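Undergrad: quick one, fold the following:
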Amino acid sequence: MSIKKDSKVIDSPQIFDGFRRVNAVTKQSLIVGDYIVWDIETDTSGGFGLDPRNGGIVSVAIGLVKNFVMEDTFFYSVTKDFSEQALLIGIQQIFATAPDYLPLVGWNSSFFDAPFVFYRTNVNELYSHSMVLSHNPLLRCKYEPIPPFVGGYDHVIGGLRGVDITQTYYTREWAGSNGLSSASLDAVANHLGFPGIKPDREKIHELSPDELKAYNLSDITRTHALTRYWIEKGLK
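TA: This is a model prediction of the structure:
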């Protein structure tokens, strides 16, 4: 096991080998429509929204899905009375109490959400061995990796194994074959009939609390819809 001192990312292939052995259970859970969806929004006020070294997390939305129905949602946002550290503790608590066979489904989460959360967790001195990040060179990045990371990462948070649906189906090749110039969440979701809220991504800091909540929840709603569409259509 090794730790990168600049980002304190743990790379533990042994842990991931163990998760691969139970991956059939996780895959079956995904197929029957039992999973968790999540999405974070980051602070763009200083122009550093994609750099966890200089900007923090401002909100997170989490949805608990059972039999393809989103039964419950959680939303945390940073305020003067609720810190980023409290938000990160909230994420860990929710994931840790969920059954560990549930997939943790995200959009581009291998390249953005997971590494961003891992970095900010360490900034807030909350590092836990229940959070594991392991670089996977086989994952294909749609954009430049966020600094200081080098690509895409397999990840486990609170015992939940991450599933990035941009890697499993909604790839750049899929987007191109469907006439899309972009493989972004907006482009793919709109193409398949799942429109959402689309603010200026560089001005998240200008959203009101209600607008931020609506936008963050919209993203997990669309991620859930795309996951369900992918599975129920039997897409390969």
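Undergrad: quick one, helices of this structure?
TA: 13-21, 23-31, 84-97, 113-123, 165-168, 172-177, 185-191, 209-232 (DSSP state H).
Undergrad: what is the fourth one packed up against?
TA: With contacts taken as 3 or more CB pairs under 8 Å, 6 or more residues apart in numbering; DSSP states H and E, helix 113-123 sits against strand 9-11, strand 35-42, strand 57-66, helix 84-97, strand 131-135, strand 153-157. Placement of C-beta: from N, CA and C, glycine included.
Undergrad: can you state the direction angle for that helix and helix 84-97?
TA: Going by axes from the mean of the first three to the mean of the last three CA atoms, to 10 degrees, helix 113-123 is angled at 120 degrees with respect to helix 84-97.
Undergrad: rewinding a little: let's have the helices and strands packed on helix 113-123 in CSV, adding mean pLDDT, mean neighbour count and distance to residue 170.
TA: Listed next are the helices and strands packed on helix 113-123 as CSV, based on pLDDT from 0 to 100; neighbours: other CB atoms under 10 Å; distance: least, CB to CB, whole Å:
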stretch, mean pLDDT, mean neighbour count, distance to residue 170
strand 9-11, 42, 19, 26
strand 35-42, 98, 25, 14
strand 57-66, 98, 22, 17
helix 84-97, 95, 17, 23
strand 131-135, 88, 22, 22
strand 153-157, 91, 24, 18
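Undergrad: so what pLDDT did the closest residue to residue 68 other than its chain neighbours get?
TA: Closest residue to residue 68 apart from its sequence neighbours, by CB to CB, 6 or more residues apart in numbering: residue 33 at 3.5 Å. Looking at residue 33, its pLDDT is 94.
Undergrad: and residue 33, how many neighbours?
TA: Neighbourhood size, residue 33 [other CB atoms under 10 Å]: 16.
Undergrad: cool, residue 199 as well?
TA: Residue 199, neighbours per other CB under 10 Å, totals 15.
Undergrad: wait, it sits on residue 215?
TA: Yes. Counting by CB atoms under 8 Å, residue 199 touches residue 215, with 5.8 Å between them.
Undergrad: which neighbours do the two share?
TA: Common contacts of residue 199 and residue 215 (CB atoms under 8 Å, 6 or more residues apart in numbering): residue 207.
Undergrad: quick one on the thing from earlier: would you reformat the helices and strands packed on helix 113-123 as JSON lines and include distance to residue 191?
TA: As requested, these are exported to JSON lines (distance: least, CB to CB, whole Å):
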{"stretch": "strand 9-11", "distance to residue 191": "34"}
{"stretch": "strand 35-42", "distance to residue 191": "19"}
{"stretch": "strand 57-66", "distance to residue 191": "22"}
{"stretch": "helix 84-97", "distance to residue 191": "30"}
{"stretch": "strand 131-135", "distance to residue 191": "31"}
{"stretch": "strand 153-157", "distance to residue 191": "27"}
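Undergrad: among these, which is nearest residue 174?
TA: Proximity of those to residue 174 was assessed by CB to CB; the nearest stretch is strand 35-42, lying at 19.4 Å.
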